[in-house]
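Asks: any chance you can model this:
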Amino acid sequence: MNESFLQACRGERASHTPVWMMRQAGRYLPEYQKVRGTIPFLELCKRPELCVEVTLQPLKRFDMDAAILFSDILIPIEAMGAELSFHEGKGPLIANPCRDAEAVGRLKVAEPANDMPFVQETIRLLRRELDVPLIGFAGAPFTCATYLIEGGSSKFFHETKKMMFGQPGLFHRLMDKISETVIRSLRAQAEAGAQALQLFDTWAGVLAPCDFEVFALPYVQRIFRKLRDLNVPLIYFANNGATLIDLSAQSGAHVLGLDWRMDIGDAARRIGRLAVQGNLDPLALFLPPDELKERIGRLLNGARDACGHIFNLGHGIHQQTPPEQVRLAVEFVHELSAR
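Replies: Numbering: from 1, shown residues only. Model prediction:
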């Protein structure tokens, strides 16, 4: 087993800087498109044998140091009672947005064994195949709440903030239910064999720090506090979170994922005791090879004093990225960081 990823999570020295990439299994790979072309996305997420195939695809092409479960952050939200669908060009849509007390009351706390058994089955199957660690994940409560309240993606989060500021008690009741579902989902993933757990807070950056501290951070802290006994690395990624870095360091995570909008060396100095993960701009993968190598070298140098460093992108791989560029990036990380 290649344990460089787990070593970096723990702040231990490894033979090289480990690398994996958000959305490393996905639409930029022709083999993924072949699978995806035959089945709706939501159905794909519920077919363990296909999820295993898709999770393994990038590992067959590239020398990644970790795998991440193929699934979606909204799977637990559907299990709570959301009428979820995915549409090309529109992303996820929820037909029954949750905007009043009656709607919040109808949501249930999902039970992974009954409501999402395919996730745990995928993990069990993957552990038989992998020689690198497997990362499980979930959406952070605030991000999940935005989809439930808005009915999908949003630019301005008007309905979410209207509930936050106008009905804070109702918003907190919703966050309580989501948090309990996330705790149960991540615990089930770890018990099935996931060796690290990442919490994706895709929309945290739309919050002012004072609102993040009240409406989002306490629920992240609760989740990580409840999962500490699992003894697996816990990773928190707050996208567009440069203004939230000091608060994110209080999340209870072992590792902070960083987007590309902040200097990795500065972030590492500010959070001190935590490992960092990131943070190449995903579109930097379109650089010519020599410039890409130079950019990666600067990033690795910036992270040299971090407690631990996992190389990643600052968000997911763009679907138009040439796979050859991903291969080069992985090779450059390994070459430049080899000790």
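Asks: tell me who's in contact with Leu280.
Replies: Leu280 makes contact with 260, 295-296, 299, 311-314, 329 under the criterion C-beta atoms under 8 Å, 6 or more residues apart in numbering. (Glycine included, C-beta is placed from N, CA and C.)
Asks: just give me the closest of those to Val182.
Replies: Compare each of these with Val182 using C-beta to C-beta and the shortest gap goes to Asn312, at 21.5 Å.
Asks: quick one: distance of stretch 247-261 to the chain centre.
Replies: Once both centres are worked out by C-alpha atoms, centre = their mean, to the nearest Å, stretch 247-261 turns out to sit 12 Å from its chain's centre.
Asks: ditto for stretch 205-223
Replies: On the basis of C-alpha atoms, centre = their mean, stretch 205-223 sits 17 Å off its chain's mean C-alpha point.
Asks: all strands for the stretch 1-150 of the chain, in order.
Replies: When secondary structure is read from DSSP state E, counting those that start in this stretch, the stretch 1-150 of the chain shows strands at 67-68, 84-87, 91-94, 134-139.
Asks: may I have the third one exported as CSV, CA atoms only?
Replies: Extracted C-alpha coordinates of strand 91-94, given in CSV (Å, rounded to 0.1, in the frame of the first residue of the first chain):
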residue,chain,number,x,y,z
GLY,A,91,-26.7,20.9,-12.8
PRO,A,92,-28.6,19.5,-9.8
LEU,A,93,-32.3,20.5,-9.4
ILE,A,94,-34.5,19.9,-6.4
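Asks: and that strand, what other elements does it pack with?
Replies: strand 84-87, helix 141-150 (3 or more C-beta pairs under 8 Å, 6 or more residues apart in numbering; DSSP states H and E).
Asks: average pLDDT for the top helix by length along the chain, rounded please.
Replies: Identified as the longest helix of the chain according to DSSP state H is helix 168-192. Averaged across helix 168-192, the pLDDT comes to 98.
Asks: for the next helix or strand after that helix, which strands pair with it and how are they oriented?
Replies: Using DSSP states H and E, the next helix or strand after helix 168-192 towards the C-terminus is strand 196-201. On the basis of DSSP bridges, the sheet neighbours of strand 196-201 come out as strand 134-139 (parallel), strand 234-238 (parallel).
Asks: and the angle from strand 196-201 to helix 141-150?
Replies: 50 degrees (axes from the mean of the first three to the mean of the last three C-alpha atoms, to 10 degrees).
Asks: quick revisit: quick one: which of the strands paired with strand 196-201 is nearest Glu191?
Replies: Relative to Glu191, the nearest member of the strands paired with strand 196-201 by C-beta to C-beta is strand 134-139, separated by 10.1 Å.
Asks: what residues does that closest one touch?
Replies: Outside of strand 134-139, the residues that reach it under the criterion C-beta under 8 Å, 6+ apart are 20, 66-69, 71, 73-74, 76-77, 123, 126-127, 182, 185-186, 189-190, 193-202, 235.
Asks: chain center to it: distance?
Replies: Taking C-alpha atoms, centre = their mean, one finds the center of strand 134-139 at 6 Å from the center of the full chain.
Asks: can you check stretch 288-304 too?
Replies: A distance of 23 Å separates the centroid of the chain from that of stretch 288-304, by C-alpha atoms, centre = their mean.
Asks: same question, stretch 225-232
Replies: Averaging C-alpha coordinates over stretch 225-232 and over its chain gives two centres that are 18 Å apart (C-alpha atoms, centre = their mean).
Asks: first-to-last residue distance for that stretch?
Replies: 12 Å (C-alpha to C-alpha, to the nearest Å).
Asks: same deal with stretch 269-279?
Replies: For stretch 269-279, the separation between the terminal residues is 15 Å (C-alpha to C-alpha).
Asks: any residues touching that stretch, and which ones?
Replies: Outside of stretch 269-279, the residues within contact range by C-beta under 8 Å, 6+ apart are 8-11, 235, 237, 245-246, 248-249, 253-260, 262, 264, 267-268, 299, 303, 305-314.
Asks: in helices, which of the residues you listed fall?
Replies: Among the contacts of stretch 269-279, DSSP H puts 8-9, 245-246, 248, 264, 267-268, 299 in helices.
Asks: mind listing what's buried in the longest helix of the chain?
Replies: If you call a residue buried by 16 or more other C-beta atoms under 10 Å, then helix 168-192 has these buried ones: 170-171, 174-175, 177-190, 192.
Asks: do the same with stretch 60-68
Replies: When burial is assessed from 16+ other C-beta under 10 Å, stretch 60-68 yields the following buried residues: 61-62, 64-68.
Asks: ditto for stretch 283-292
Replies: Taking 16+ other C-beta under 10 Å as the basis for neighbour counts, the residues of stretch 283-292 that come out buried are 284-285, 287, 292.
Asks: tell me the one of those nearest His87?
Replies: For His87, the closest of the buried residues of stretch 283-292 turns out to be Leu285, at 26.8 Å, with distances computed as C-beta to C-beta.
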